[in-house]
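> Pasted the sequence and its predicted model underneath.
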Amino acid sequence: MEIKHSTIDVAEKISKTLSSRDVLEILVKEIRSVPGKQVNLDFSKVEIISRSVAHELLKIQADFDRKIIFSKRVNFVNTNENVSKMLRIVASNLALPRTIKPQVKVDVIDINSIIKDFG
């Protein structure tokens, strides 16, 4: 049995540069409306995405996967190196969140001692 799928051109629907997660609501509506149980989000004309957009895209993908009524498999296809890298970075941070707060040690330096060394 063949899985029916649809393709959505992300740059055509939104933009070549995706910097705000708010605009992704357009994709959510489009994903709901297209036929089939598999939707390919085509990033071939998208140049770059922000971290917040990558996070929201991964969230959308997971949300559709979990839904019972509107369950669809959302795939990211034709991603360039910038888009792929940002998706991987965010996905890895979601999978293994940082649990240890970084330790910062601040040294107080007298500005006069620096000036004296160069003066």
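Yes, it's here.
> How much space separates the residue positioned nearest the centre of the chain from Ile115?
The centre of the chain sits closest to Ala54, judged by C-alpha atoms, centre = their mean, with a distance of 0.5 Å. Going from Ala54 to Ile115 by C-beta to C-beta, to the nearest Å gives 46 Å. (Each C-beta comes from the backbone N, C-alpha and C, glycine too.)
> cool, Arg66 as well?
Using C-beta to C-beta, we find Arg66 at a distance of 61 Å from Ile115.
> what's the answer for Ile14, then?
According to C-beta to C-beta, Ile14 and Ile115 sit 53 Å apart.
> Show me where this structure has its strands.
With DSSP state E, the ranges of strands along the chain come out as 5-9, 17-18, 38-42, 48-49, 73-77.
> For the protein, which segments are assigned as helices?
10-13, 25-33, 51-66, 81-95, 111-118 (DSSP state H).
> between Ile14 and Ile115, which one's more packed in?
Using other C-beta atoms under 10 Å, the more surrounded residue of Ile14 and Ile115 is Ile14, with 18 against 9.
> Not counting its neighbours along the chain, what's nearest the more buried one?
Leaving out its chain neighbours, the residue that sits closest to Ile14 by C-beta to C-beta, 6 or more residues apart in numbering is Val23, at 5.2 Å.
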